[in-house]
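1. Here is the input, now give the coordinates:
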Amino acid sequence: MTDTIHYEITGEAGEIEFRKYPALVLATVESSGDNAGFSLLFAYITGKNSTQNSISMTSPVITSQQIAMTAPVVSGATLMSFVMPQGLTRDEIPEPLDSRVRISTLPGREVAVIRFRGYARHNEVAAAEGRLREGLRNVGIETVGEPFLMRYNPPWTPGFMRRNEVVMEIRR
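-> Residues are numbered from 1 along each chain as shown. Now for the predicted structure:
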């Protein structure tokens with residue numbers, strides 16, 4: 001069974017849940033699609049690292065779009081991150097053997113979340129993002145940065161059983 005990262009629920013507003021997350025250590029890759037990114041990260045946690053040891057898989061898997069800094073913007077790359085097991089520090093995480101895998105620490109933060117079931121297709125993600133932005137606007141909460149997607153289930157999980165969340169960092 002996959003461990004899920006821990007967080008503290010700090011409130012709710014309709015279908016929006018507010019959470020505080022501690023600092024997290026991430027393994028991240030930039031790719032043109034989910035499959036390539038997942039494969040690189042899976043290789044890293046199953047031993048393609050400096051210690052050749054496996055690292056426990058945790059959920060969620062985090063994806064976001066990297067916004068190109070030049071105009072015109074055609075499309076940004078996808079960033080995919082695996083969260084390293086809680087309790088391990090950046091110094092305890094083995095170095096990747098593949099230079100495309102980057103290890104970083106994400107500071108603790110407060111976020112707003114909307115959960116949805118099914119496959120995390122573009123339309124479903126965009127709809128959840130729209131509801132999240134509107135809900136936060138309605139309660140006067142300021143967002144920080146861009147939204148990202150958290151997916152909790154293995155690829156073979158039927159759609160009706162999948163847990164997905166659109167997330168935005170907030171300031172209140």
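2. how near is the spatially most central residue of the chain to residue 50?
-> Nearest to the mean C-alpha position of the chain, by CA atoms, centre = their mean, lies residue 62 at 1.8 Å. According to CB to CB, to the nearest Å, residue 62 and residue 50 sit 23 Å apart. Quick note: C-beta positions are derived from backbone N, CA and C, even for glycine.
3. what does residue 97 give?
-> From residue 97 to residue 50 the distance is 7 Å (CB to CB).
4. Show me which of those two is the more surrounded one.
-> Each of residue 97 and residue 50 has its neighbours counted (other CB atoms under 10 Å); residue 97 has more, 13 against 10.
5. On the three-state scheme, residue 26 is what?
-> strand (DSSP: H, G, I helix; E, B strand; the rest coil).
6. got the contact list for residue 80?
-> 28, 29, 31, 34, 37, 38, 41, 61, 62, 63 (CB atoms under 8 Å, 6 or more residues apart in numbering).
7. Also residue 103?
-> Taking CB under 8 Å, 6+ apart, we find residue 103 in contact with 25, 26, 27, 28, 84, 90, 93, 95, 96.
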